[in-house]
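K.L.:
the following block contains a protein sequence and its predicted model.
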Amino acid sequence: MATLDIFGNNAFSMITLLEAMSEQEYQPSFLRNRGIFTPRRVRSETVAIESKEGVLSLIKTSERGAPPVAGGAGKRKIRDFRTVRIAKSDRITASEISGIRAFGSETELAQVQTEVADRLNGPSGLMRDVELTWENMMLGAVQGIVVDADGEIIENYFSAFGVTQPAEIDFDLDNADPASGAVRKKCNQVIRTMQKAAKGAWVPGRTMVEAIVGDNFWDDLTAHPEVRQTYLNTQQAAELRNDVGMAYEEFTYGGIRWVNYRGTDDGSKVAIGTDKAHFYPVNAPGAFLMAFSPGEFFDTINLPGQDVYPMIIPDEKRNAFVDVELYSYPLPIATRPAMLLRAKRT
């Protein structure tokens, strides 16, 4: 049988495990893969965000030779945000690897490595839970409020930046008259509000608005006569006739990219309200950051933070098991919370 001494092999050091983790393709997640969060790998547990409140004003005319009107430099503010700790472990007991090696076998290490990799990256591995946690935190960030697994608030960016959360917009999807243009008018309202709140984060011709919406909101939006009538004479009309439907798809209308967000199947663990929509900017420089702090270990302190830190912890007292552990120290940050709007179906 394989002995737990094998875990003393350099193949199970943190650095080697980290390299192996980096080679894996992790479970897909919409917001994580969307690319709107700019990574910031910091060397401390805190992230400082500096903001300068520029004020636009009209300039009164003056006589030639008179001194120009003095302009204010604007108020600078620095706010500190603290990354959080995500940690989970799985245990491999001696009995679980007892049949791996026959005497003289050269495949023991490879088989144990496969078992460890499965505990980290397998269908029920630790990485899937870490990714799900990242997705949940990012989902909160695009709404301006990051929450923990139990719903407790980790960071409220409206409060942190002294911004009043914009009121929920009624999208009036029960107005079935396509001639009224009710849906497009609401889209215009969203885009104008976000542009005004961008404070330098809006790049004309590049920045756009994206909305993740719940199932009922999506169904009423895609079935709305105004939306369908717009698409009937376009190449995208085929999407409206698609036999497999448009569930969990995306399309663009009114200058907004609409996405039917699919969360966890229970509809609650990672999800948005079925009658709700949440709007956020895409390609808006600096609007969203994803900070990663270094691990809490001697060989990682003061180094740029990594996404994850995998470790193997042997049972030193009884040599009866090893714990496979995975750590992450992230914080998604929304630097322009006034741009984050929300809507209800009707």
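P.N.:
All right, it came through fine.
K.L.:
tell me the secondary structure of the residue sitting furthest away from the middle of the chain, please.
P.N.:
Distance to the chain centre peaks in the chain at residue 65, reaching 55.1 Å (criterion: Cα atoms, centre = their mean). The three-state assignment at residue 65 reads coil, by DSSP: H, G, I helix; E, B strand; the rest coil.
K.L.:
quick check: it vs residue 191, distance?
P.N.:
45 Å (Cβ to Cβ, to the nearest Å). Just so you know, the C-beta spots here come from the backbone N, C-alpha and C atoms, and that holds for glycine as well.
K.L.:
same question, residue 170
P.N.:
In terms of Cβ to Cβ, residue 170 sits 17 Å off from residue 191.
K.L.:
more neighbours: which of the two?
P.N.:
residue 191 (18 against 12; other Cβ atoms under 10 Å).
K.L.:
need the contact list for that one.
P.N.:
Neighbouring residues of residue 191 by Cβ atoms under 8 Å, 6 or more residues apart in numbering: 209, 255-256.
K.L.:
same thing with residue 336?
P.N.:
Here residue 336 is in contact with 197-199, 201, 281, 284, 286-287 (criterion: Cβ under 8 Å, 6+ apart).
K.L.:
next one: residue 92
P.N.:
By Cβ under 8 Å, 6+ apart, the neighbours of residue 92 are 115-116, 119, 321-324.
K.L.:
roughly how far out does the strand or helix carrying it sit from the chain middle?
P.N.:
Element membership for residue 92, per DSSP states H and E: strand 86-93. Between the centre of strand 86-93 and the centre of its chain there are 24 Å (Cα atoms, centre = their mean, to the nearest Å).
K.L.:
what residues of it count as buried?
P.N.:
The neighbour-count check on strand 86-93 (16 or more other Cβ atoms under 10 Å) flags 86, 90, 92 as buried.
K.L.:
can you check stretch 138-149 too?
P.N.:
So for stretch 138-149, counting by 16+ other Cβ under 10 Å, buried means 138-147.
K.L.:
would you map the helices across this protein?
P.N.:
14-22, 30-34, 108-121, 126-141, 157-160, 182-197, 215-223, 225-231, 237-240 (DSSP state H).
K.L.:
who are the neighbours in contact with the residue most central in space within the chain?
P.N.:
Geometric centre of the chain, nearest residue: residue 138, 2.7 Å, by Cα atoms, centre = their mean. Counting by Cβ under 8 Å, 6+ apart, residue 138 makes contact with 31-32, 37, 290, 332.
K.L.:
point out where the stretch 201-346 of the chain drops to low pLDDT.
P.N.:
Low-confidence segments of the stretch 201-346 of the chain (pLDDT under 70): 233-245.
K.L.:
before we move on, back to that, make CSV out of the helices of the chain and add distance to residue 48.
P.N.:
Shown next, in CSV, are these (distance: least, Cβ to Cβ, whole Å):
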stretch, distance to residue 48
helix 14-22, 27
helix 30-34, 24
helix 108-121, 33
helix 126-141, 18
helix 157-160, 12
helix 182-197, 22
helix 215-223, 37
helix 225-231, 44
helix 237-240, 45
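K.L.:
for residue 311, find the nearest of the ones you listed.
P.N.:
Smallest distance to residue 311 across these (Cβ to Cβ): 5.6 Å, for helix 14-22.
K.L.:
so for the closest one, mean pLDDT?
P.N.:
Taken as a whole, helix 14-22 carries a mean pLDDT of 65.
K.L.:
and which of the contacts of residue 92 is nearest residue 265?
P.N.:
Set against residue 265, the nearest of the contacts of residue 92 by Cβ to Cβ is residue 119 (23.5 Å).
K.L.:
what pLDDT is listed against the closest one?
P.N.:
Residue 119 is assigned 87 on the pLDDT scale.
K.L.:
who's in contact with it?
P.N.:
90, 92, 125-126, 324.
K.L.:
again with residue 134
P.N.:
29, 32, 328, 330, 332.
K.L.:
now with 10 Å?
P.N.:
Neighbour list for residue 134: 26, 29, 31-32, 37, 86, 290, 307-308, 328, 330, 332 [criterion: Cβ atoms under 10 Å, 6 or more residues apart in numbering].
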